[in-house]
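Asker: following is a predicted model, sequence given first.
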Amino acid sequence: MADKQVVKRAKYKSSVKDPGVAGVLKMRIERFVFVPNDPTTATKLNVEFRMIKGHKFTKEGSSKQALLNLTQDQGVNYIFEFDSFADRDACREFVATAIAHHSEAGRLINEKSDVPVSNEQLSRAETERRIKLLQENSELQALHKQFVFGGILTDDEFWATRKKLLEHSDSRKPKQRVALKNEMWSVKPLSDGQSNRVTFNLTPEIIHQIFAEKPAVRQAYLKFVPNKMTEKEFWTKYSRAEYLHSTKNIVAAAAEAAEDEELAVFLKRDDMLANEARRKIRRVDPTVDMKADEGDDYTHLPDHGLLGDETKEVLESQYEPYRRSFAQDLNQHAAVVLQGRLVDELGDTRSVAEALARTKQAELSDEISNRNLEKELSDKICRMAEIEDLQGPRDPAVAPLSIKDPRDYFDSQHALKALGDTGTGAISLKSSVSSSEAYDSLRDLVSEIRGTGLSDPIMSHEVALKVLSGLTQNISSTKFHLGNNPNESVLDRLPKVTKEELLHHWTSIQELLKHFWSSYPITTKYLYTKVTRLKDAMSQVYPKLQEIKESVQSDFRHHVSLLVHPMLQALDAAFAHYDADAQRRSSKSGEKPNGFA
Amino acid sequence: MTPVSSKLHTDDVSLLMVSIDTNPFFWNSMKSALPFSRFLSHVLAFLNSILLLNQLNQVVVIATGYNSCGYIFDSSTSQIQDQRAENLLQKLEEFVEKDEAQCREDSVDGPGFSLLSGSLSMALCYIQRVFRSGPLHPQPRILCLHGSPDGPGQYVAVMNSIFSAQRSMVPIDSCVIGAQHSAFLQQASYITGGVYLKPQLLDGLFQYLLTVFATDLYSRGFLQLPRPAGVDFRASCFCHKNTIDMGYICSVCLSIFCKHQKKCTTCGSVFGEAQVQDSSTTAERKRKAP
């Protein structure tokens, strides 16, 4: 950033009305220099950005001048007029970053956005994304306001942990491409009722579609234009051919084709399509259709090879090539639409044609150059129709995870601390019992009951009553305390203000703790200052939580203290760690503190 | 199993897998509070009641010993109704003998640990078989009647069976008759949606069983059953088997350690040193919420 400089032509004016001295304005991060074109005038400027406190500029508008006004402390102004608004904007941004760089703690509130400027240069897209996210999520905004404006965290740190959110909001704009149109007859001739003129409208989009669907036309275009005829003539001929087809007058079509060679190209059947279809048949996967051959290529037979109506007149053979069937066109159109857009930009017609031709050529050459086609096909057949018994053993593709036998680390010689130090206060019998004794007594008991059988009654009715009433009371009391709905929590029964405060404190404590714990172990001075800042913020939360507890009614006080307890515990753990660390650090005071990086 | 006409299959047909704690050392310590014979009488009466509730109910009993587990009763095998209890008790005796034969230690301190993980796995396997028996099958659930303390060595195995029960949507009910709460069973019931109960009056065990644990899954939708006040979610560390609530976790296999380690003992991944940069990115430092 220190090397960046902006050089623009500008006019320096002492006031708005002043015509201005023309010259060149050079701006670097430290200072800007204005050198007038005419070396005799005395208005040379060399000002450090440190002195510049702010900048103003005129809004964009055709009638206004593109002015940039740099204000200094004692009311001194430097007004520059630029040739274009783009120039002025470039300078303005540069000035903004330069001023921010020189102001302290990097917190200059720009008029346009409320985001504090940091040392990094944020792209505009990034800033916009952040602002948008803040606007959408009010909780995030509250957190952001509290921490970043309170000076506890910097903007970068705040957003460092939220990269995923930013990416997510960005990816919501899908990058879709427009597909080919699904219409077939977009080349509708507008026939004038009175005169004998028929007008065709051809847009680049339509031309693209024609080239995609009819390779013969594309080839003809590449061949004829610009050698034999101009583009306009080409399209006129094509339109004539279309018109003839639309009249379905095959005899007339044949007649015209005989006269005009080029027209014949458009009227005849498309041989290239036939070739393509034949190629595709050869590539059919034999596991799908073992016997796919040219007999299956019905798309290029008239009427799809179906036996038509006997009463239809049989055309003479010379007219056959000029018959076009609707079904063929429809199929070809569908195939092209499904294939999608092969060429993206619609440039000049010739380039589109060439691009399409190139892609087709690439496909063809791929196949031709692939001499292993036969072997590939047979490999594929083997893979798809494999017989498991005849396969050899296959090595696993990944290295197995080496998970050791769990018994190795459960075999500890240390004393087993029994689980379950709960508050029931029961004393477990630590007397050692010989196993044979234990098993014997167990067996005795089993045989005892085998002998005596079930007693009648199983238990006394007083005990049963006590149990039942105890259970009922337990259930009803928990119901009373926790509410009817098992999903309802204590939080919902608190007054709204308290609930929101508690939740807010919870999220802010989480945020603080996240940053706190991630800064350990402390290795740089930056981390040290950060940790002290966080610690101060955390110690301020304590009295606030206490306040909340007291502000609540007495029946909820217990619940609130239960809710607050884990927060306090977390804070305590953090403080303890901080103190321990500080002590350790001070005990090593002989060395360099904090290990400067 | 005789094929069942679908008309008789109502919503509340249940398959109850009961896992009984037969750890002799534990029952030795409970001689005064609730002797094993009385416990068995409560349980037998309870099983009879379950079978009475619905013609198609099934009960399977698994004994959880000190060294092994075994099936000791299956109501779906054809047997004479009068002799259900005899069959169960005889099988139980045989099981205890087998368990004793496998015992390698001469004496044990305190109540010892029973093989909870083993019986849960056996129950889940049986349930899987029932699932595959056809479209009409009873709704399975597992009832653990345990008292022995939790064996920290079984933490991983028990958690695995809990998660597979959760996946198959089989609730695990727990009735803890020991002196202390069981963290494993609390977690099991919480995660799978079952009922956890520690009866206050052990003499009235039969009443507890009938009131709380005899309800089938369908009826639980509209009955209020006792809810525990809280769940002990603490895990045990893999190195010393202590319960901890703040520790280190390997980011590869999620094993828990109480102290900083150079290498994870489960999967062998090496933990890197903290990088000398703004935010430390060691592989494991994570805080486990209480």
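Answerer: Looks like it came in fine. Please read these numbers as outputs of a predicted model, since none were measured by experiment.
Asker: ok, the residue minimising distance to the centre of chain B - contacts?
Answerer: Against the mean C-alpha coordinate of chain B, by C-alpha atoms, centre = their mean, the closest residue is B:Cys144 at 4.7 Å. Contacts for B:Cys144 were tallied using C-beta atoms under 8 Å, 6 or more residues apart in numbering or on different chains; they are B:Ser19, B:Leu116, B:Ser119, B:Leu120, B:Ile172, B:Asp173, B:Ser174, B:Cys175, B:Leu185, B:Ala188. C-beta: built from backbone N, CA, C; applies to glycine.
Asker: what is the nearest of the residues you listed to chain A?
Answerer: B:Leu185 (10.3 Å; C-beta to the nearest C-beta).
Asker: correct me, but that closest one touches B:Lys198?
Answerer: No. Judged on C-beta atoms under 8 Å, B:Leu185 makes no contact with B:Lys198 at a distance of 9.3 Å.
Asker: neighbour count for those two, which is higher?
Answerer: Neighbour totals were compared for B:Leu185 and B:Lys198, and B:Leu185 leads with 25 against 21 (other C-beta atoms under 10 Å in any protein chain shown).
Asker: helix or strand for the more buried one, which one?
Answerer: helix B:183-192 (DSSP states H and E).
Asker: please tell me how far the residue nearest to the centre of chain B sits from chain A.
Answerer: 15 Å (C-beta to the nearest C-beta, to the nearest Å).
Asker: give the helix, strand or coil label for that residue.
Answerer: strand (DSSP: H, G, I helix; E, B strand; the rest coil).
Asker: check what pLDDT it gets.
Answerer: You'll see B:Cys144 listed with a pLDDT of 95.
Asker: who does it form a beta bridge with?
Answerer: For B:Cys144, the beta-bridge partners are B:Ser19, B:Ser174 (DSSP bridges).
Asker: hey, where'd the strands end up in chain B?
Answerer: B:14-21, B:58-64, B:69-74, B:107-109, B:139-146, B:172-176, B:196-197, B:235-236, B:243-244, B:248-249, B:256-257 (DSSP state E).
Asker: please name every helix or strand in contact with the first one.
Answerer: Judged by 3 or more C-beta pairs under 8 Å, 6 or more residues apart in numbering or on different chains; DSSP states H and E, strand B:14-21 is in contact with helix B:36-53, strand B:58-64, helix B:116-131, strand B:139-146.
Asker: in stretch A:225-244, what counts as buried?
Answerer: The neighbour-count check on stretch A:225-244 (16 or more other C-beta atoms under 10 Å in any protein chain shown) flags A:Val225, A:Phe234, A:Trp235, A:Lys237, A:Tyr238, A:Ser239, A:Arg240, A:Ala241, A:Glu242, A:Leu244 as buried.
Asker: among these, name the ones in helices.
Answerer: Of the buried residues of stretch A:225-244, the ones assigned to helices by DSSP state H are A:Phe234, A:Trp235, A:Lys237, A:Tyr238, A:Ser239, A:Arg240, A:Ala241, A:Glu242, A:Leu244.
Asker: and the two most separated of those?
Answerer: The two members of these with the most space between them (C-beta to C-beta) are A:Phe234 and A:Leu244, at 16.0 Å.
Asker: sorry, back to before: closest to A:Arg358 out of the strands of chain B?
Answerer: A:Arg358 lies closest to strand B:248-249 among the strands of chain B, at 55.8 Å (C-beta to C-beta).
Asker: pLDDT averaged over the closest one - what is it?
Answerer: Mean per-residue pLDDT for strand B:248-249: 86.
Asker: right, is that strand up against chain A?
Answerer: No. Using C-beta under 8 Å from any C-beta of the partner chain, strand B:248-249 never reaches chain A; the gap is at least 12.6 Å.
Asker: run the chain-centre distance for that strand.
Answerer: Distance, stretch centre to chain centre, for strand B:248-249: 27 Å (C-alpha atoms, centre = their mean, to the nearest Å).
Asker: run through who's touching stretch A:445-458.
Answerer: Counting by C-beta under 8 Å, 6+ apart, B:27, B:35-37, B:40-42, B:44-45, B:85-86, B:89-90, B:92-93, B:96, B:206 sit against stretch A:445-458.
Asker: of the residues you listed, which are in range of chain A?
Answerer: Near chain A, judged by C-beta under 8 Å from any C-beta, the entries from these are B:27, B:35-37, B:40-42, B:44-45, B:85-86, B:89-90, B:92-93, B:96, B:206.
Asker: tell me how far A:Ile206 lies from A:Ser351.
Answerer: 16 Å (C-beta to C-beta, to the nearest Å).
Asker: about what we covered before: nearest to chain B, of the ones in helices among the buried residues of stretch A:225-244?
Answerer: Distances from chain B to those, taken by C-beta to the nearest C-beta, are shortest for A:Glu242, at 62.8 Å.
Asker: TSV please, covering the helices and strands packed on strand B:14-21 and showing distance to A:Tyr528.
Answerer: Converted to TSV, these look like this (distance: least, C-beta to C-beta, whole Å):
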stretch	distance to A:Tyr528
helix B:36-53	62
strand B:58-64	55
helix B:116-131	48
strand B:139-146	52
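Asker: how about the longest helix anywhere in chain A: buried residues?
Answerer: Longest helix in chain A by number of residues (criterion: DSSP H): helix A:554-587. Judged by neighbour count (16+ other C-beta under 10 Å), helix A:554-587 contains these buried residues: A:Phe556, A:His559, A:Val560, A:Leu563, A:Val564, A:Met567, A:Ala570, A:Leu571, A:Ala574, A:Tyr578.
Asker: which other helices and strands contact that helix?
Answerer: helix A:490-493, helix A:496-518, helix A:525-551.
Asker: looking at those, which is closest to chain B?
Answerer: When the helices and strands packed on helix A:554-587 are compared by C-beta to the nearest C-beta, helix A:496-518 sits nearest chain B, at 4.7 Å.
Asker: which pair in the buried residues of stretch A:225-244 spans the largest distance?
Answerer: A:Val225 and A:Leu244, at 20.9 Å, using C-beta to C-beta across the buried residues of stretch A:225-244.
Asker: so A:Ile206 and A:Ser351 - more neighbours on which side?
Answerer: For A:Ile206 versus A:Ser351, the count of surrounding residues by other C-beta under 10 Å is larger for A:Ile206: 15 against 12.
Asker: got a list of what B:Lys198 touches?
Answerer: Listed by C-beta under 8 Å, 6+ apart, the contact set of B:Lys198 reads B:Cys175, B:Val176, B:Ile177, B:His181.
Asker: with adjacent residues omitted, what lies nearest to the closest residue to chain A within the stretch 1-150 of chain B?
Answerer: Residue of the stretch 1-150 of chain B nearest chain A, by C-beta to the nearest C-beta: B:Pro24 (3.7 Å). Closest residue to B:Pro24 apart from its sequence neighbours, by C-beta to C-beta, 6 or more residues apart in numbering or on different chains: A:Ala438 at 3.7 Å.
Asker: mind checking which helix or strand the one you found is in?
Answerer: Per DSSP H and E: helix A:435-452 holds A:Ala438.
Asker: okay, the angle between that helix and helix B:36-53?
Answerer: Using axes from the mean of the first three to the mean of the last three C-alpha atoms, to 10 degrees, one finds that helix A:435-452 and helix B:36-53 are set 50 degrees apart in direction.
Asker: buried residues, helix A:435-452. List them.
Answerer: Buried residues in helix A:435-452 (16+ other C-beta under 10 Å): A:Ser435, A:Ala438, A:Tyr439, A:Ser441, A:Leu442, A:Arg443, A:Leu445, A:Val446, A:Ile449, A:Arg450.
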